[in-house]
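1. Okay, sequence plus prediction incoming.
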Amino acid sequence: MEERILKEFLYNHELKFSDIERGIKIRSNKLAYHLKNLVKKNVLKKNGEVYCLSETAETLIPYISEKQSPLSVVLVAVAKNSNQVFLHKRNKRPFKNKLSLPGGRILSGESIAQATKRIMKEKHSMNVELDKVNSVSIEHVEKKDKRVHSFVLIFTSASTRDKIEYTNVSKNKIEIISSDYKLIKNNLKKEVGVNEFLTKD
């Protein structure tokens, strides 16, 4: 219900209670309850008779949709060579118990270099520096012939002075997520340019 309310602000900066009620066709007492919650959570602000998005909630606008979007993740290769790469065993789905490149979602407002450093520090206590962006790919994950996940994979290379254990990629091919294996084998030596823009609204 709260998402339906927020969708009303995609095309309007300010809305009165009656405008929202008319737009989503909901009983006034139920609407009042949800609007009160959104104000309490600092998603909406109430100025007199009108509601508007709070400044922090403006970041939600691109994500308010009935359509699912791919999740953007950064995958990090810390490699001794093309066959000796730092991998870890995943403890969650998808690909639970498979060997994987370390990775995580890129956060709003974060550069690829910042995401690379943060992910490796938070998840593996490793200090790294971004060397390059190797590739950008889209991965679709199927289960029983149905696509259940989609990811934008930002594959990066990074270096570290920390002491780490490398995995022999060739010997462990069957244990590695197939898309990660392909990225290591096909894209580790490549580099692509990625433009980063800061625009004012």
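-> Yes, it's here. Numbering: from 1, shown residues only.
2. separation between K144 and S179?
-> Distance check for K144 against S179: by C-beta to C-beta, to the nearest Å, it reads 19 Å. To be clear about C-beta, it is placed using only N, CA and C from the backbone, and glycine gets the same treatment.
3. Show me which of those two is the more surrounded one.
-> For K144 versus S179, neighbours defined as other C-beta atoms under 10 Å are more numerous around S179 (19 against 5).
4. ok, and that one, which helix or strand is that part of?
-> Secondary structure assigned from DSSP states H and E places S179 in helix 178-187.
5. Give me the contacts around the lowest-mean-pLDDT helix or strand in the chain.
-> Of the helices and strands making up the chain, the lowest-confidence element is helix 2-7, at a mean of 84, by mean pLDDT, DSSP states H and E. When contacts are defined by C-beta atoms under 8 Å, 6 or more residues apart in numbering, helix 2-7 is touched by residues 20, 24, 26, 31, 34-35, 37-38, 43-44, 53, 57, 60, 64.
6. For that helix, list every residue counted as buried.
-> With burial defined by 16 or more other C-beta atoms under 10 Å, the residues of helix 2-7 counted as buried are 5-6.
7. Check which element follows it along the chain.
-> strand 15-16.
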